[in-house]
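[1] The amino acid sequence is not available; the structure is as follows:
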Ligand SMILES: C[S@@+](CC[C@H](N)C(=O)[O-])C[C@H]1O[C@@H](n2cnc3c(N)ncnc32)[C@H](O)[C@@H]1O
């Protein structure tokens, strides 16, 4: 099958990965780290802290079902989220005075992280039902500094040019990292359709960013057409865009690739990070971009 052949070419280890644990982070809008850990210990859990963040923990996968029945979870004191997603959001250096745009935001997991660090967050989501689910999510988790917009991210830059200190674009993608076993919905046509949308979104994200600001482009897919090719497109269109290196505190990742089939990308894309699935980490791609 074409999908597996393509992924093997990027890195054969991707197809051998096994998920053995899951992760969650503390919801700082509702509780402190100590309060949550004490409560969880009383409820019979001993979560392991990850070594790159004070407020991110893992548990073996079999604890996921019982954990969602605990008070800690039902009172929204924690947020279950994949380590790769958390790492991507933590890679944006958000300051307490920052106004952050989350351009493709539902269900809102990354906006919640950004809202704990920024002065305010503007979260954009065009899909009506996902938009209302996201609003509920923000309310339940006590985030009061997020404004929500039921809009198409491709056009946001027109009403908000150079408004935001930081931008996060967790782009809609072909979600190859979530293909588990049988491939039913993958096609090259779908990959190309997302690539086109992502190119429009990354331009909108970049245009919305203040000069001197930084943004993250991320996907949960492996396809170079949706990753390196999108970054290469931005570099071609916007000479004031620069890819910055990301410090990665774990080993299951590789830099961006500069050649795919007959395409050659700008060498700068080597600074992008493709997280390889392993243990608690799902497959993910991220690029940190600065606007000069
Ligand atoms: C990968 S998900 C975002 C996940 C989210 N950042 C989180 O951490 O919870 C991508 C989102 O982009 C939305 N989307 C699709 N087309 C879009 C567009 N044109 N503009 C903005 N968002 C779009 C999808 O509906 C989906 O909710």
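    Now that the structure is in, tell me what you want to look at. Computed from a predicted model, the values in this text were never measured in an experiment.

[2] CA atoms for contacts and neighbours, from now on please.
    Fine.

[3] where's the residue sitting furthest away from the middle of the chain relative to residue 36, distance?
    Relative to the mean C-alpha coordinate of the chain, counting by C-alpha atoms, centre = their mean, the farthest residue is residue 42 (31.9 Å). Separation of residue 42 from residue 36 (C-alpha to C-alpha, to the nearest Å): 10 Å.

[4] likewise residue 43?
    Distance from residue 43 to residue 36, counting by C-alpha to C-alpha: 10 Å.

[5] Compare neighbour counts for these two and give me the winner.
    The neighbour comparison of residue 43 against residue 36 (other C-alpha atoms under 10 Å) goes to residue 36, with 21 against 13.

[6] Counting neighbours, show which residues of the helix or strand harbouring that one come out buried.
    Under the criterion of DSSP states H and E, residue 36 resides in helix 33-42. Using 16 or more other C-alpha atoms under 10 Å as the test for burial, helix 33-42 gives 33, 36, 37, 40.

[7] Likewise for stretch 210-221?
    Within stretch 210-221, the residues scored as buried using 16+ other C-alpha under 10 Å are 210, 211, 213, 214, 215, 216, 217, 218, 219, 220, 221.

[8] what sits up against it?
    Outside stretch 210-221, the residues within contact range by C-alpha atoms under 8 Å, 6 or more residues apart in numbering are 88, 91-92, 161-178, 202, 205-206, 209, 226-227, 282-292.

[9] Of these, which count as buried by neighbour count?
    Buried among the contacts of stretch 210-221 (16+ other C-alpha under 10 Å): 88, 91-92, 162-177, 202, 205-206, 209, 226-227, 282-291.

[10] For the ligand, tell me which of those residues show up nearby.
    Intersecting these with the contacts of the ligand gives 170, 171, 172 (criterion: C-alpha under 6 Å from any ligand atom).

[11] Return the mean pLDDT over the lengthiest helix in the chain, rounded to an integer.
    Criterion DSSP state H: the longest helix present in the chain is helix 188-208. Per-region confidence: helix 188-208 scores 98 on mean pLDDT.

[12] Check which helices and strands that helix sits against.
    With contacts taken as 3 or more C-alpha pairs under 8 Å, 6 or more residues apart in numbering; DSSP states H and E, helix 188-208 sits against helix 156-159, strand 164-170, strand 209-219, helix 228-237.

[13] do you know which of these lies nearest residue 114?
    When the helices and strands packed on helix 188-208 are compared by C-alpha to C-alpha, strand 164-170 sits nearest residue 114, at 9.0 Å.

[14] Can you give the strand pairings for the closest one, parallel or anti for each?
    strand 99-102 (parallel), strand 209-219 (parallel) (DSSP bridges).

[15] Helix, strand, or coil at the nearest residue to residue 56 once chain neighbours are set aside?
    Counting by C-alpha to C-alpha, 6 or more residues apart in numbering, residue 25 is the residue found nearest to residue 56 once chain neighbours are left out, at 4.4 Å. Recorded secondary structure, residue 25: strand (DSSP: H, G, I helix; E, B strand; the rest coil).

[16] the strands in the stretch 51-200 of the chain, which residues?
    Taking DSSP state E, counting those that start in this stretch as the test, the strands found in the stretch 51-200 of the chain are 56-60, 78-80, 99-102, 120-124, 146-149, 164-170.

[17] Tell me which residue in the stretch 151-292 of the chain sits closest to the ligand.
    When distances are taken as C-alpha to the nearest ligand atom, the stretch 151-292 of the chain reaches nearest to the ligand at residue 153, 3.4 Å away.
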